[in-house]
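**Q** Below are the sequence and a predicted model; questions follow.
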Amino acid sequence: MADRERGPAGAAPQPVRRTAVRGAVLASTVLFSAAAAVCLAGAAPGMPTGRARAAVTVADMIWDDLAACESGGDWQADTGNGYFGGLQIRPPTWEEAGGLRFADRPDRATRRQQTTVGEEILRRQGWEAWPGCAREIGMIVDPVE
């Protein structure tokens, strides 16, 4: 049976998503409203969602969950796989998204600088830039067949 968190009195309990990441268990409840969906997607419902999206601002909690999945939460990760930092960004992507104004590679930038560049990558590519982990943390939801 799924775990539930209690909401306000009289409100239906909300499911708690549990995700195993390198031995740790993350519990997060993701509540979506139309306003939250607009903020996360960077576009209003019904608007074009191609590559030219509006500015994107994502809550720190989401970036932390994504980094926990991508790098075990290590914002200075350099594992030798060609991807760097907490969000596991390739150097060409880092450069294209303006990261060189902060550091030559993501793992040499601060967490805040990495999330700033992450927001630009998100604006350009959507959550598909991190397909596995974005699905795991609930930012990509596959349609029900």
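**A** Structure received. Residues are numbered from 1 along each chain as shown.
**Q** in the longest helix anywhere in the chain, what's buried?
**A** The longest helix of the chain (DSSP state H) is helix 111-125. Using 16 or more other CB atoms under 10 Å as the test for burial, helix 111-125 gives 111, 113-123. For glycine as for every other residue, the C-beta is placed from the backbone atoms N, C-alpha and C.
**Q** gap between residue 121 and residue 129?
**A** According to CB to CB, to the nearest Å, residue 121 and residue 129 sit 5 Å apart.
**Q** intersection of neighbour lists for these two?
**A** With contacts defined as CB atoms under 8 Å, 6 or more residues apart in numbering, the residues shared by residue 121 and residue 129 are residue 93.
**Q** helices and strands around the longest helix of the chain, which ones?
**A** With contacts defined as 3 or more CB pairs under 8 Å, 6 or more residues apart in numbering; DSSP states H and E, helix 111-125 has these neighbours: helix 60-71, helix 91-96.
**Q** pLDDT of the last one, averaged?
**A** Spelled out, that is helix 91-96. For helix 91-96, the mean pLDDT works out to 98.
**Q** Which residues does stretch 112-121 contact?
**A** Applying CB under 8 Å, 6+ apart, the external contacts of stretch 112-121 come out as 55-58, 60, 63, 66, 75, 85-87, 89, 93-94, 97-99, 102-103, 106, 109, 129.
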